[in-house]
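In: Sequence first, then the predicted structure, then my questions.
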Amino acid sequence: MKKPLFLLFVLGLFTACDDTTLNDNKDYTAVLENTVNNVIIRTYKDLDDKTANLVTALTTLENNRTASTLEAARGAWREARRPWEQSEGFLFGPVDQQGIDPSIDSWPVNEVDLNAVLTSPNTLTKSYIDGLEGTLKGFHTIEFLLFGTSGNKAISEFNNRQFEYLRACAESLKGATAQLYHAWQPTGENFGQTVREAGKNGNTVYLSQKSALQEFVDGLITITDEVGNGKINDPLTNADITLEESRFSANSKADFADNIRSVSHIYNGGLNNVASGISISDLVKARDAILDAKIKQQIADAIAAIEAIPGSFTVAIFQQKSAVQLAQTNVRDLQLTLEGGLKPLLDKF
Amino acid sequence: MMRGLGKRFLALLILAGWMGCDLLSSEGKGRDWASLGGLTSADAVFSNAFQLPAGNLSPAEIEEHRLSDVAFESIFVTAPATVNSGLGPIYNQNACSSCHSKNGRAAFPTNDDLGGLLFRLSLDGTGPMGEPREVPRFGGQLQTKAIFGNVPEGKVQIGFTEIVGQFPDGETYRLRKPSYTLTHPYALMPSHVRISPRIAPPIIGLGLLEAISEADILRNADEQDVNKDGISGRPNYVWSIENGQQMLGRFGWKANQPTLRQQNAAAYRDDMGITSPLYRTESFSDQPQHDGRADDPEINERTLYLATYYTQSLAVPTARNQEDSDIQNGRRLFFKVGCEHCHKSSFTTAHQAPFTFLANQKIRPYTDLLLHDMGEGLADHRPDFLATGHEWRTPPLWGIGLTQVVSGHTHFLHDGRARNLQEAILWHGGEAEATVMRYKQLHKKERDLILKFLNSL
C-alpha cells in the first residue's frame, strides 16, 4: 500500500518538474547589453541617419525637380524604410508608449484629407505636419506622394505643393525617428538602461532578466506572425491588393525580408549576420544546439523564399502564387519553432 | 550500501522537488490564485501581455481572433476611401488602438491631443431611455478632433491642485486633483453643462465579465446596506438598443453599457465617428459638421462582430508568484482592510456563454461590477442612467500590476489622475472611506505588502 503511493509521488515530481533548471543563477547581463546597444539602439540610429538622408533627398528634389533627383529620393525612401522594417521585431517601449509608431508607419493614407491639405493655402512646415494625424504623414504618406498609386509617377505629374509637402513630411518623420532614438539613450528617457538593467533593484518594468529576454522573444514571435499570417496572408487569401502595405513603392518583399532580418538581428545578437556580442542564440546553443541550428536555418530560408518571389508582390499574389505560398510557409515554420521551441526553452531559464 | 544511497538520493530528489517546483502549492492553492481568467489565462510579463489570445481557444478560434485583431487595429480615414472609410467628420481618435494602445490603459494626457481621455457631456435630467440628457449642438460627448476643413466641438484645458496628506505614521503623500475647462466651443455652449472625464481602460477579460450571470452580480448588491457594512453596491440599468429594454449595465466607468457589442458600437460612433449596424446614424447628424454622405453604416456587421470578438477572446495574464509569502500576506491584508468587499475575488462564469471558451470559468476579476459612492473627491457630478454623480463601477484589477510594462505608466482611476497604485487607493472615499482609513493605519511595511500583492495581479 505504502510503496506504490510513494512511487507515484516521486513520479509526480519528475513529471511536474520536467527538466526545469532548479537553481538557475545565470547572469544574462551580457545578452541584454549586446541586444540593446548593438541591435536595438544601432537600428534606431540607422533609421534616424537614413531618415536624415531622406530629408536631404526630398529637399534636393524640391529645389531641383528632375527625373534623377526623383529617382534618388525614391532610393532614399527605400533606404530609410529598411531600418524601420528591421526594427519591427522589437516594437516595445518608447515606439509604442510615446505614441511614435503612428507618426512613422500609419496605414492607410488619408487621401481625401491629404488632397484637401494640398489644395489649401496652409503653409507646409514641419510643425504643421507634426500636428496632423499619422495617416497624413510618415512613410506611407511620403510613399503615396513620391511613387504615385502605380509606382511610376513622372516628375511632370508633381505640383509645387506636393514637393513642399514631401519635404515637410520628411522633416516631421525625422523628428519622430530622432525622438525614438533618443528615448533609448541617456540623452533621452534612457529606456535602454531599463532593459539592460532588467531585474536590478528598483526596475519596475522588467522585474527579472528573464522577463526582458521574454520581451525580446515575444517580439520575434509577434513579427513572424504578422508577416506570415497578416502581411503576406491577407492580400494573398483575399486576392486584394489594397491590403498590401507598401504597394505604391512595390517595396513589400523588401519590407517582409527586413522584418525577418530583425528576427535574425535580435536572435543572433548583431546586424547583418555579424554577431557583436553574446546573443540569445548563444544561450540556446548551450542548451539545445539542434534547436539553435534549426532557428538559424529557418530564418535564412524565410528570407531567401521572400526574396525569391519573382516580380512585385502585387503581381505575385496572382501570378506566382506557389512562390508566395512557399515564403509564407517558411515564415510560418519559423514562427512555429520560435513559439514551440524557443519560447518554452526560455520559460525554463 | 546501495539501499542507503538510493534512499538518500530519493530524499534529496524529494527535497529538490519541494524547493524547486513548490509542487503542492503551485498545482493547488497557489495556482488557484494565479489563473485570474480561468482557462483563458496566459503567462506573460512583457509588453504584449494584454494582446495574447485566450489560452483555451481552438485553432479555428485563434484564426478568428487574428482576424478580429486586424479589425481592432484598423485606422479609419476620411470618406470616400477604399479601406477603412468614414472617419468623423468629428471624432476623438481614429482607431480602437489609438486609445487602447497594446490593449492597455491610456496615460493621463500631457498635451493638446488628449490621447485616451475623453469627455462626456450632459444637461440635468434624463433622455427618453433614461440616458443623460444631451447637450444641444454638442450631444453626449465632446469630439475634440475633426477631419480636414471641419471644426472640432471644442478643446479642454486641464489644471491641477496638489493635495498633501499624511499617514498616521507621519509619512506624507501628495495627490493631484485635475480640473477641466471646456474651451474653444464651436457653437454656443449652454451653461451648467455637466462634464465627465473618462480614460480608456485595458480591454482584457471583458468577455468573461459579460459571461457572469446576472444573478451572481445581483447577489452582491445591497442597495439599502442591509448588512450594515457601509457598502451598498448598486446595479446600473441601462438601455439596450437591440433588446429594446433596460438591462443590467456592466461596461464603462459607470456601467452604462449592457453588452460588449453595444459598448464597441458606441465607441465606433462616438469616439471615431463610425456608424455600424447598431448605430446607423452619426451622433452629430443634426450638427453642421455632418457630411450628409449616404455611406452608413460605415462598418458592416462582420467588422462589428470581429471587434466585439476581439474584446471577448483575449487572454487574462496569469498572476505572478502567488505562493510568495509577501504576496500571500498582502492578499490577506487586502481582504482584511475590506478592499475585497467591492473588488470581488471570485466568480464562476455562466454555463451559457456566447462562446464555450468563456463558459464555466473560475475567474478572479477583483470587481463586483456594481456602482459605489466613491465620495466627493472622485465625483464627476454627472449621473449616467441610475449611477449618481458620486458613483463609479468597481473596475477589475486583473492585469493591474502589468500596467508599467504594457503601457509605460502607472496612471489609474477614471481619468488617470492617480500616478501610482497608492494614490489610487488614497483617492477612494464614500463607501470606501472606512477601508482607506484602515489602509492608512497599517504600518508602512503592511501597506507595501498590499501594493506588492496588487502588482502581482
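Out: Arrived safely, thanks for sending. Numbering: from 1, shown residues only, chains lettered A, B, ... in the order given.
In: Give me the distance from whichever strand or helix holds B:Leu306 to the chain's centre.
Out: For B:Leu306, the host element (DSSP states H and E) is helix B:301-312. Centroid separation for helix B:301-312 versus its chain: 18 Å, with Cα atoms, centre = their mean, to the nearest Å.
In: repeat for stretch B:316-331
Out: The mean C-alpha position of stretch B:316-331 is separated from the chain mean by 21 Å, Cα atoms, centre = their mean.
In: Flag every buried residue along that stretch.
Out: Across stretch B:316-331, burial judged by 16 or more other Cβ atoms under 10 Å in any protein chain shown covers B:316-324, B:327-331. (Glycine included, C-beta is placed from N, CA and C.)
In: Whichever residue of chain B sits closest to chain A - how many residues pack around it?
Out: Closest contact between chain B and chain A, by Cβ to the nearest Cβ, is at B:Gly408 (3.1 Å). Residue crowding around B:Gly408 was assessed by other Cβ atoms under 10 Å in any protein chain shown; the count is 22.
In: same thing with B:Arg438?
Out: B:Arg438 has 14 nearby residues by other Cβ under 10 Å.
In: for it, what are its contacts?
Out: B:Lys336, B:Val337, B:Gly338 (Cβ atoms under 8 Å, 6 or more residues apart in numbering or on different chains).
In: and if you look at A:Lys285?
Out: Each residue near A:Lys285 by Cβ under 8 Å, 6+ apart is listed here: A:Asp292.
In: Look up how far chain B lies from it.
Out: Counting by Cβ to the nearest Cβ, to the nearest Å, the separation of A:Lys285 from chain B is 23 Å.
In: now do A:Gln162
Out: From A:Gln162 to chain B the distance is 16 Å (Cβ to the nearest Cβ).
In: now B:Asp69, nearest residue through space, not along the chain?
Out: B:Tyr310 (6.0 Å; Cβ to Cβ, 6 or more residues apart in numbering or on different chains).
In: so who does that neighbour touch?
Out: Shown in contact with B:Tyr310 (Cβ under 8 Å, 6+ apart): B:His65, B:Ser68, B:Asp69, B:Ala71, B:Phe72.
In: a markdown table for these, including distance to A:Thr60 and pLDDT?
Out: Formatted as a markdown table, these follow (distance: Cβ to Cβ, whole Å; pLDDT from 0 to 100):
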| residue | distance to A:Thr60 | pLDDT |
| --- | --- | --- |
| B:His65 | 47 | 97 |
| B:Ser68 | 45 | 96 |
| B:Asp69 | 41 | 95 |
| B:Ala71 | 41 | 94 |
| B:Phe72 | 41 | 95 |
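In: got JSON lines for the residues you listed, with neighbour count and distance to B:Phe138 too?
Out: Putting the contacts of B:Tyr310 into JSON lines (neighbours: other Cβ atoms under 10 Å in any protein chain shown; distance: Cβ to Cβ, whole Å) gives the following:
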{"residue": "B:His65", "neighbour count": "20", "distance to B:Phe138": "37"}
{"residue": "B:Ser68", "neighbour count": "23", "distance to B:Phe138": "33"}
{"residue": "B:Asp69", "neighbour count": "24", "distance to B:Phe138": "34"}
{"residue": "B:Ala71", "neighbour count": "20", "distance to B:Phe138": "29"}
{"residue": "B:Phe72", "neighbour count": "21", "distance to B:Phe138": "28"}
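In: Throw those into a markdown table and include secondary structure and distance to A:Thr66, thanks.
Out: Putting the contacts of B:Tyr310 into a markdown table (DSSP: H, G, I helix; E, B strand; the rest coil; distance: Cβ to Cβ, whole Å) gives the following:
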| residue | secondary structure | distance to A:Thr66 |
| --- | --- | --- |
| B:His65 | helix | 50 |
| B:Ser68 | helix | 48 |
| B:Asp69 | helix | 44 |
| B:Ala71 | helix | 44 |
| B:Phe72 | helix | 44 |
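In: I'd like those as TSV, with distance to B:Arg393 appended.
Out: Listed next are those as TSV, based on distance: Cβ to Cβ, whole Å:
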residue	distance to B:Arg393
B:His65	27
B:Ser68	25
B:Asp69	27
B:Ala71	26
B:Phe72	23
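In: what's the neighbour count on B:Glu433?
Out: B:Glu433: 14 surrounding residues under other Cβ under 10 Å.
In: contacting residues around it?
Out: Counting by Cβ under 8 Å, 6+ apart, the residues that B:Glu433 touches are B:Gly230, B:Gly375.
In: ok, 7 Å please
Out: B:Gly375 (Cβ atoms under 7 Å, 6 or more residues apart in numbering or on different chains).
In: next one: phi and psi at it?
Out: When read as degrees, to the nearest 10, the backbone of B:Glu433 gives phi -60, psi -50.
In: Over to A:Ala257?
Out: For A:Ala257, the backbone dihedrals are phi -60, psi -40 (criterion: degrees, to the nearest 10).
In: follow-up on the earlier one: if we take the buried residues of stretch B:316-331, which one ends up nearest to A:Glu133?
Out: B:Pro317 (31.2 Å; Cβ to Cβ).
In: So for the closest one, what's the pLDDT?
Out: B:Pro317 is assigned 98 on the pLDDT scale.
In: Just list whatever residues bridge to it.
Out: Note on B:Pro317: beta-bridge partners by DSSP bridges are B:Ala42.
In: So stretch A:32-46, near chain B or not?
Out: No. Counting by Cβ under 7 Å from any Cβ of the partner chain, no contacts exist between stretch A:32-46 and chain B, the nearest distance being 13.5 Å.
In: right, and the helix or strand after the strand or helix carrying B:Ser97?
Out: Per DSSP H and E, B:Ser97 falls inside helix B:96-99. Once the chain leaves helix B:96-99, the next helix or strand it forms, by DSSP H and E, is strand B:117-126.
In: top of the contacts of B:Arg438 by neighbour count?
Out: Ranked by the number of neighbours (other Cβ under 10 Å), the contacts of B:Arg438 place B:Val337 first, at 22 neighbours.
In: residues touching that residue, list them.
Out: Contact partners of B:Val337, counting by Cβ under 7 Å, 6+ apart, are B:Thr435, B:Arg438, B:Tyr439.
In: hang on, the first one packs against B:Glu340?
Out: No. B:Thr435 is not in contact with B:Glu340 according to Cβ atoms under 7 Å; the separation is 9.5 Å.
In: Between these two, tell me which one has more neighbours.
Out: Each of B:Thr435 and B:Glu340 has its neighbours counted (other Cβ under 10 Å); B:Thr435 has more, 22 against 16.
In: Any figure for the gap between that one and B:Asp326?
Out: 21 Å (Cβ to Cβ, to the nearest Å).
In: Then A:Asp347?
Out: Distance from A:Asp347 to B:Asp326, by Cβ to Cβ: 23 Å.
In: Just the strands from chain B, written as ranges.
Out: Secondary structure of chain B (DSSP state E): strands at B:90-91, B:117-126, B:132-133, B:141-142, B:145-146, B:155-166, B:172-183, B:194-199, B:237-240, B:245-248, B:347-348, B:362-363, B:371-373, B:391-393.
In: To A:Lys210, which of these lies closest?
Out: When those are compared (using Cβ to Cβ), the closest one is strand B:362-363, at 27.0 Å.
In: mind showing which ranges of chain A have poor pLDDT?
Out: A:1-25 (pLDDT under 70).
In: Not counting sequence-adjacent ones, nearest residue to the closest residue to chain B within it?
Out: Of all residues in chain A, A:Gln97 sits closest to chain B, at 3.1 Å by Cβ to the nearest Cβ. In space, and not counting its chain neighbours, A:Gln97 is closest to B:Gly408: 3.1 Å by Cβ to Cβ, 6+ apart.
In: What of B:Pro258?
Out: B:Met247 (3.8 Å).
In: for B:Ile274, same thing?
Out: Nearest residue to B:Ile274 in three dimensions, chain neighbours excluded: B:Tyr268, at 4.2 Å (Cβ to Cβ, 6+ apart).
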